[in-house]
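[1] Predicted model follows, preceded by the sequence.
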Amino acid sequence: MPRTLVTGGAGFIGSHLCDRLIHEGHDVICMDNFVTGRPDNIAHLIGNDRFQFIQHDVTNYVYVPGELDYILHFASPASPIDYLQLPIQTLKVGALGTHKTLGLAKNKGARFLLASTSEVYGDPLQHPQSESYWGNVNPIGVRGVYDEAKRFAEAMTMAYQRYHGVETRIVRIFNTYGPRMRASDGRVVSNFINQALRGEDITVYGDGSQTRSFQYIDDLVEGVYRLLLSEENEPVNIGNPDETSILEFAQEIVALTGTNSSVSFKPLPKDDPQVRQPNITKAKEKLGWSPVVSRAEGLRRTTEFFKEELAVAAEVE
Ligand code: NAD
Ligand code: UDP
């Protein structure tokens, strides 16, 4: 029975990973300090014999008794409004948190998987982005706290692989959405769906010509799981290449929800990448992975989730 630590396990992605790993027969230890995660995301796992929760900030020394086979390091604020509000914590968890959890992996002889991001490509000059691209990041820009923390985390992970022989994996995750996102996380998917459901204006930043490529959470979890078990020790993009402009996306949400909301335009945040689309040739070849959930289907499931959340919130009021 593999024993696996998931940092950031009470977050959006981490909680889905805990579910999948338990389903695959792992004993899962979830570690989180709830800085951006929620107890609700793991409430259904409390009491499961295979699940253990440790409330801990992974930028401090990490102690886990017993053996560990795998460590998945997903702790980090991830949405722009979160990491802009938590710049130092974001840098610390990418740097110190990655160092601590790599040290733990070395100690336990565990395989380590780092959650990296398409943000390592910054405002990319190559389109679509493949793993061989080194990126175009502004180190001192407001988004630099996240991008550079993840770039450091990748460098640290490769150093532990090369110098300490730790088995490591790096996933570069592209924009992911689905149930358990926070309605107030400020990301475009949560904002647009919740604005549409409440009949508020849909806030497009800039002229909406910037593009993103959204992947549904189940596809990401499948990709991460395959990478974890694979022999690929260099970064792999996991994302859905189905690219859309943000303005088209706003119109798609209006059509999907049948809302009366209109689109309003707000200033474009600083250093907002103009384009983003994964090249997933490597994931296809090395992992036999490609996304299977269409945006229409993924958005339908996510809208259902947010509708239920709104209904619960209305009951409480
Ligand atoms: P999230 O905010 O929902 O989850 C992050 C979790 O990490 C939270 O539960 C938070 O409380 C926890 N955390 C943060 N700092 C911590 C610390 N010092 N100690 C312990 N726990 C801490 O965000 P998410 O979208 O689930 O992202 C998870 C991971 O995936 C992050 O590493 C993020 O960078 C990466 N990622 C996400 C996306 C995406 O589109 N969602 C894209 C690229 C990369
Ligand atoms: N965005 C927007 N309206 C919103 C929230 C975001 O137009 O209410 C835009 C944002 O400027 C960016 C894109 O949507 O161009 C994706 O933003 P998100 O915060 O989801 O993630 P990012 O990919 O920028 O990290």
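    Arrived safely, thanks for sending. Numbering: from 1, shown residues only. Ligands and ions are numbered 1, 2, ... in the order given.

[2] CA atoms for contacts and neighbours, from now on please.
    Fine.

[3] Which residue, other than its chain neighbours, is closest to R50?
    D27 (4.6 Å; C-alpha to C-alpha, 6 or more residues apart in numbering).

[4] what pairs with that neighbour across the strands?
    When assigned by DSSP bridges, D27 has beta-bridge partners R3.

[5] Give me the distance between it and V6.
    Separation of D27 from V6 (C-alpha to C-alpha, to the nearest Å): 11 Å.

[6] One more: Q274?
    Distance from Q274 to V6, counting by C-alpha to C-alpha: 32 Å.

[7] who's more crowded, the two?
    V6 (24 against 15; other C-alpha atoms under 10 Å).

[8] Wait, a helix at the more buried one?
    No - counting by DSSP: H, G, I helix; E, B strand; the rest coil, V6 falls outside a helix, being strand.

[9] That one is in contact with H16, isn't it?
    No - using C-alpha atoms under 8 Å, V6 is not in contact with H16; the gap is 10.6 Å.

[10] Does I42 belong to a helix, a strand or coil?
    The assignment at I42 comes out as helix when based on three-state DSSP.

[11] So the residue nearest to R50 sits against N48, correct?
    No - using C-alpha under 8 Å, D27 makes no contact with N48, being 9.8 Å away.

[12] who in this structure is up against ligand 2?
    Residues of the chain lying near ligand 2 by C-alpha under 6 Å from any ligand atom: 79-80, 175, 186-188, 191, 203-205, 210, 246, 268-269, 272.

[13] which of those are close to ligand 1?
    Restricting the residues of the chain next to ligand 2 to those touching ligand 1 (C-alpha under 6 Å from any ligand atom) yields N175.

[14] from the residues of the chain next to ligand 2, which single one is nearest N107?
    N107 lies nearest to S79 out of the residues of the chain next to ligand 2, by C-alpha to C-alpha, at 31.5 Å.

[15] What pLDDT is listed against the closest one?
    For S79, the pLDDT comes out at 95.

[16] Please report phi then psi for it.
    The phi/psi pair for S79 (degrees, to the nearest 10) reads phi -90, psi 150.

[17] and it, how many neighbours?
    Per other C-alpha under 10 Å, the neighbour tally for S79 reads 16.

[18] ok, it touching A183?
    No - taking C-alpha under 8 Å as the definition, S79 is not a contact partner of A183, at 11.6 Å.

[19] In the stretch 1-150 of the chain, what residue comes closest to ligand 2?
    Taking C-alpha to the nearest ligand atom as the measure, the stretch 1-150 of the chain has P80 as its residue closest to ligand 2, at 5.4 Å.

[20] Share the number of residues neighbouring that residue, please.
    Neighbours around P80, by other C-alpha under 10 Å: 17.

[21] which ones are touching it?
    Taking C-alpha atoms under 8 Å, 6 or more residues apart in numbering as the contact definition, P80 lies against 143, 186-187.

[22] what does P124 give?
    P124 sits in contact with 135-136, 273-276, where contact means C-alpha under 8 Å, 6+ apart.

[23] same question, V145
    Counting by C-alpha under 8 Å, 6+ apart, V145 touches 83-84, 87-88, 90-91, 139.

[24] Can I get the buried part of those as one PyMOL selection?
    Buried subset of the contacts of V145, written as a PyMOL selection, criterion 16 or more other C-alpha atoms under 10 Å:
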select buried, resi 83+84+87+90+91
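
[25] out of the contacts of V145, who's nearest K100?
    L91 (13.6 Å).

[26] check which helix or strand covers the closest one.
    Element membership for L91, per DSSP states H and E: helix 87-92.

[27] Averaged pLDDT, that helix. What do you get?
    In this model, helix 87-92 has an average pLDDT of 98.

[28] next SSE after that helix?
    helix 98-108.

[29] what comes up buried for that following helix?
    Neighbour-count burial for helix 98-108, with 16+ other C-alpha under 10 Å as criterion, is recorded at 98-106, 108.
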